[in-house]
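Peer 1: just to be clear, the model below is a prediction. Sequence and coordinates:
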Amino acid sequence: MRHRRSIIVRLVAMAALLVPTSIVLGASPAAADTVDLSCTGTQSASYSPGLTLTSRTVTASGSGSFSCPVSADPTLTGGAFTISPFTYTGTCGLTANSNATFTYAWNNGRTSTVQVNVYVYSTLGVVVATSVGPVIAGEFLGDTFAFTWTAMSPSPADCLTATGVTQYAGPITLTMTSL
């Protein structure tokens, strides 16, 4: 069992190194842009049934919250979001690219709706997801939105079981920039 866990830990570490650098760098604001909002926090996601190495239909949902130490709006210091349940075909070894629209609720009662390209890379219990696109409604309208989530399952070895990985959780970063 110890040998199996050691192999899994090494595979997870290798997976983290294999995430294309352009994904992570692509989520950063350009040097000439003004950072209107910078936040950090956590996100969790649930899957039913769990993700395994075999592709199958799952229902996913999630939520997150964050604090924003940098904000062009002094009344905005944090926020939250919910990912409504949706069904897709997934595995523990997934690379996906899609478009999505999300709304973030801020502590000041306002919202921001973003239309983003989402890129997800996951392998053996580790997920890296990035989203980049414009703010299309609400606070910071017209800004460029960038989001990164790096998460690990509490039980990466579950990818190898029939039950699968049912949860991921990890830190998030979120920025909104303008020219």
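Peer 2: Okay, I see it.
Peer 1: extract the residue ranges of the protein that are flagged as low pLDDT.
Peer 2: For the chain, the stretches with pLDDT under 70 are 1-32.
Peer 1: which residues of this protein fall in strands?
Peer 2: 34-51, 56-71, 78-90, 94-106, 111-123, 126-138, 144-152, 165-178 (DSSP state E).
Peer 1: of all the ones you listed, which one is nearest residue 158?
Peer 2: strand 165-178 (4.7 Å; C-beta to C-beta). All C-beta spots, glycine's among them, are computed from the backbone N, C-alpha and C.
Peer 1: list the buried residues of the closest one.
Peer 2: 165-170, 172-178 (16 or more other C-beta atoms under 10 Å).
Peer 1: pull it out as PDB, backbone CA atoms only.
Peer 2: Taking C-alpha atoms only, strand 165-178 is exported to PDB below (Å, rounded to 0.1, in the frame of the first residue of the first chain):
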ATOM      1  CA  VAL A 165     -13.200  10.900  -6.800                       C
ATOM      2  CA  THR A 166     -16.200  12.700  -5.500                       C
ATOM      3  CA  GLN A 167     -14.700  16.000  -4.300                       C
ATOM      4  CA  TYR A 168     -12.000  18.500  -5.300                       C
ATOM      5  CA  ALA A 169     -11.000  21.600  -3.300                       C
ATOM      6  CA  GLY A 170      -8.300  24.100  -3.600                       C
ATOM      7  CA  PRO A 171      -7.200  27.800  -3.800                       C
ATOM      8  CA  ILE A 172      -8.500  30.200  -6.400                       C
ATOM      9  CA  THR A 173      -7.200  33.500  -7.800                       C
ATOM     10  CA  LEU A 174      -9.400  36.000  -9.600                       C
ATOM     11  CA  THR A 175      -8.500  39.300 -11.300                       C
ATOM     12  CA  MET A 176     -10.300  41.900 -13.300                       C
ATOM     13  CA  THR A 177      -8.200  44.200 -15.400                       C
ATOM     14  CA  SER A 178      -8.900  47.200 -17.700                       C
END
